[in-house]
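**Student:** Sequence and predicted structure are below.
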Amino acid sequence: MPGSQRHMSMPPPDPLMEWTHRAADIPERGLDTTRAAREDELAALTVALDIPACRHLGLAYSLRPLGKGRYRLTGEMTAGVTQSCIVTLEPVEAEVRETVDEEFWPEEDITPDIPGVEGDEREALSHTAPEPIRQGVIDVGRLVYEQLATSLDPYPRSPNAAFSWNEAGDPAASGRDTPFAALAALKYKEPKE
C-alpha cells in the first residue's frame with residue numbers, strides 16, 4: 001500500500017540503480033561527477049520505498065582514493081518525493097537535501113566480528129562500518145537508496161491535516177461520565193459523619 005512507510009526496513013532490490021564505478025578505473029586524483037535518476041530508476045525507487053512518487057533524485061559527488069584500495073565519497077543528494085499523509089492519506093510533497101560522506105573499503109578489509117561485542121551492540125556498530133567494495137565495484141546507487149530511505153519523514157502530515165482525539169465514540173466528547181470521572185467525584189466527596 002503506497003504511503004505505509006515500510007521503506008525504513010526494506011533492503012533495496014539489486015540492482016536498483018546502476019550507479020557504480022569500477023575501483024580500478026578511478027584516477028589517482030579521484031573524480032567529480034553528477035548523476036540523475038532516469039524515469040525507470042525513479043519508478044523502481046517509488047516501488048522500493050513504497051511511496052506514491054519519487055519525482056527526481058540526483059547526486060553531485062567526489063570520489064577520492066584514500067590508499068589501501070579505499071575511497072571516500074562526499075557530495076550532496078537532492079530528491080523530490082511524494083508521501084502519503086498519516087492522518088488523511090493526502091499526497092504530501094517533500095524536497096530532500098542531504099550531505100553524503102561515506103568511505104568504501106574492500107569487502108575483505110571490513111571485519112564484522114569485533115572481539116567482545118555481541119548482539120545489539122554488534123548490530124549498532126555495523127551501521128557505522130564503511131561501505132563494501134564488492135568484486136572491485138563501488139555501488140553508489142545502493143548508498144543513495146539507503147540515504148534517501150533514511151531521510152524520508154516517517155510521519156508525513158498534510159498542512160491541513162487535523163486529528164482530534166475526541167471522536168464520536170469517546171465518552172468524554174459525548175458528555176457521559178467515564179469511570180475515571182466517577183472516581184474523581186468520589187475523591188472530592190465530603191466524608192459522612
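**Tutor:** Nice, thanks for sending it over.
**Student:** CA atoms for contacts and neighbours, from now on please.
**Tutor:** OK.
**Student:** Please settle this for me: is Cys54 part of a helix?
**Tutor:** No - in this structure, Cys54 is strand, not part of a helix, as judged by DSSP: H, G, I helix; E, B strand; the rest coil.
**Student:** so the nearest residue to it once chain neighbours are set aside bridges to which residues?
**Tutor:** Leaving aside its chain neighbours, Cys54 sits nearest to Val81 (4.3 Å; criterion: CA to CA, 6 or more residues apart in numbering). Val81 has these beta-bridge partners by DSSP bridges: Cys54, Ala94.
**Student:** dump the residue contacts of Glu18.
**Tutor:** Contacts here follow CA atoms under 8 Å, 6 or more residues apart in numbering; on that basis Glu18 touches Asp139, Gly141.
**Student:** Next up, phi/psi of it, please.
**Tutor:** phi -90, psi 60 (degrees, to the nearest 10).
**Student:** How about the contacts made by the residue nearest to Cys54?
**Tutor:** So Val81 contacts Ile51, Ala53, Cys54, Arg55, His56, Glu93, Ala94, Glu95, Val96 (CA under 8 Å, 6+ apart).
**Student:** do Ala43 as well
**Tutor:** Ala53, Cys54.
**Student:** For the one helix or strand it maps to, buried residues please.
**Tutor:** Using DSSP states H and E, Ala43 sits in helix 39-49. For helix 39-49, the neighbour count (16 or more other CA atoms under 10 Å) marks Glu41, Leu42, Ala44, Leu45, Thr46, Val47, Ala48, Leu49 as buried.
**Student:** And these, which two are furthest apart?
**Tutor:** Greatest spatial distance in the buried residues of helix 39-49: Glu41 and Leu49, 11.9 Å, computed using CA to CA.
**Student:** ok, now how distant is the residue nearest to Cys54 from Pro159?
**Tutor:** Val81 is 16 Å from Pro159, where distance means CA to CA, to the nearest Å.
**Student:** looking at it, His21 is touching Gly141, isn't it?
**Tutor:** No - using CA atoms under 8 Å, His21 is not in contact with Gly141; the gap is 10.0 Å.
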